[in-house]
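Need the 3D shape of this:
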Amino acid sequence: MEIRDYLRILRKRGWIILLVAAIAVGSAFVFSKLQTPVWKASARVSINPARPDFGLTQSAKILLRNYVANMYTTTWAQRVIARLSLDLTPERLKSMTIIASDDSRLIIQVDVKDYDPHQAQSIADEWAQLLVEWREQENAKLRKEDRVYAERLENATVGLHSPKLKINLAAGGILGLILGGLIVFFLEWLEAGVIRTREDMERFVGLPVLGAIPSEGR
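Got it, this is the predicted structure:
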C-alpha cells in the first residue's frame, strides 16, 4: 500500500481509531478513580564505619545484607507493632514492607505500603529507628575504632504509590490507538475485494477508468 492509501483509510475510518482511544482513556480514568489509593513511605538509614578504613568499610558493605536479614524478621515486626500499637499481624506487616540495601552508598532503605499514609510513615520511621538502636547495642560490645554506626538520614518521605493516573491514561490511550488501528485495518481487509467506487476499480485493475455506465434510474 502507498502512503496515499493509508491517508485515504485515515480520512475514511480515522474516527474509529479516535473513538476507541477515547473509550480506552475514559475506561482507564474510571478504573484509576475506583482504586483505593496506596501510599508508600520510605526511610533511609546510613551505615557509617567508625573510621575511614578500607577494611572496615568493606566489612560494613558485606554486613549490609546481614543487617537487612536481621531487620526483616517476625521479631522485628512484632516490636514495630508493639511500639505503634498496630492492629496487624507480623506476617501482614512484613507483606507491606520491603527492606533493601545499597552497597555503593552504604544505605539501608525501608519501604512501607499502606492505605493510610500516616501509618505508613510511622511504620517506616519506627523500623529504621529499631536499626539505629540495635547498632547502638551492638557497638557497646565493640571497641570504638571497630564500631559501625547507623544514622537515620531524615524522616520517612511519603508519596502516592498507586494508582498512577497519568501513566494509566497514557497506557489506555496507546492501547486504544493500537486497538482502533487493528479494527480499521480488519475492516479494510474485509472490503479488500469489494469494488464500490471509481478509485476502487482503478486500484483493482491498475488502469485509469475512462467512463462508467450509470445505474438504472439515474
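
Could you check how far the residue lying closest to Tyr72 once chain neighbours are set aside is from Ala69?
Excluding its sequence neighbours, the residue lying closest to Tyr72 (C-beta to C-beta, 6 or more residues apart in numbering) is Ile99, at 4.9 Å. Where C-beta positions appear, they are placed from N, C-alpha and C, glycine not excepted. Ile99 is 9 Å from Ala69, where distance means C-beta to C-beta, to the nearest Å.

okay, stretch 172-188 in PDB with CA atoms only?
Extracted in PDB, the C-alpha atoms of stretch 172-188 (Å, rounded to 0.1, in the frame of the first residue of the first chain):
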ATOM      1  CA  GLY A 172      -5.000   3.500  27.800                       C
ATOM      2  CA  GLY A 173      -4.600   6.000  25.000                       C
ATOM      3  CA  ILE A 174      -1.800   4.000  23.400                       C
ATOM      4  CA  LEU A 175      -3.600   0.700  23.700                       C
ATOM      5  CA  GLY A 176      -6.800   2.400  22.300                       C
ATOM      6  CA  LEU A 177      -4.900   3.700  19.300                       C
ATOM      7  CA  ILE A 178      -3.400   0.300  18.600                       C
ATOM      8  CA  LEU A 179      -6.800  -1.500  19.000                       C
ATOM      9  CA  GLY A 180      -8.500   1.100  16.900                       C
ATOM     10  CA  GLY A 181      -5.900   0.700  14.200                       C
ATOM     11  CA  LEU A 182      -6.300  -3.100  14.200                       C
ATOM     12  CA  ILE A 183     -10.100  -2.700  13.900                       C
ATOM     13  CA  VAL A 184      -9.700  -0.300  10.900                       C
ATOM     14  CA  PHE A 185      -7.300  -2.500   9.000                       C
ATOM     15  CA  PHE A 186      -9.500  -5.500   9.700                       C
ATOM     16  CA  LEU A 187     -12.400  -3.700   8.200                       C
ATOM     17  CA  GLU A 188     -10.300  -2.700   5.200                       C
END
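
Just the buried residues of it, please?
Across stretch 172-188, burial judged by 16 or more other C-beta atoms under 10 Å covers 172, 175-177, 179-181, 184.

Stretch 15-26 now?
By 16+ other C-beta under 10 Å, the buried positions in stretch 15-26 come out as 17, 20-21, 24-25.

okay, these in TSV with secondary structure next?
Formatted as TSV, the buried residues of stretch 15-26 follow (DSSP: H, G, I helix; E, B strand; the rest coil):
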residue	secondary structure
Ile17	helix
Val20	helix
Ala21	helix
Ala24	helix
Val25	helix
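
and the closest residue in space to Lys94 that isn't next to it in sequence, what pLDDT?
Closest residue to Lys94 apart from its sequence neighbours, by C-beta to C-beta, 6+ apart: Ala77 at 5.3 Å. With respect to pLDDT, Ala77 scores 96.

dump the residue contacts of Ala77.
When contacts are counted by C-beta atoms under 8 Å, 6 or more residues apart in numbering, Ala77 touches 90-91, 93-94, 97.

coming back round to it: what about the residue nearest to Tyr72, is that helix, strand or coil?
Ile99 - assigned by three-state DSSP - is strand.

bridging residues for it?
Beta-bridge partners of Ile99, counted by DSSP bridges, are Val110.

still on that earlier bit, just the buried ones out of the contacts of Ala77, please.
Buried members of the contacts of Ala77, counted by 16+ other C-beta under 10 Å: 90, 93-94, 97.
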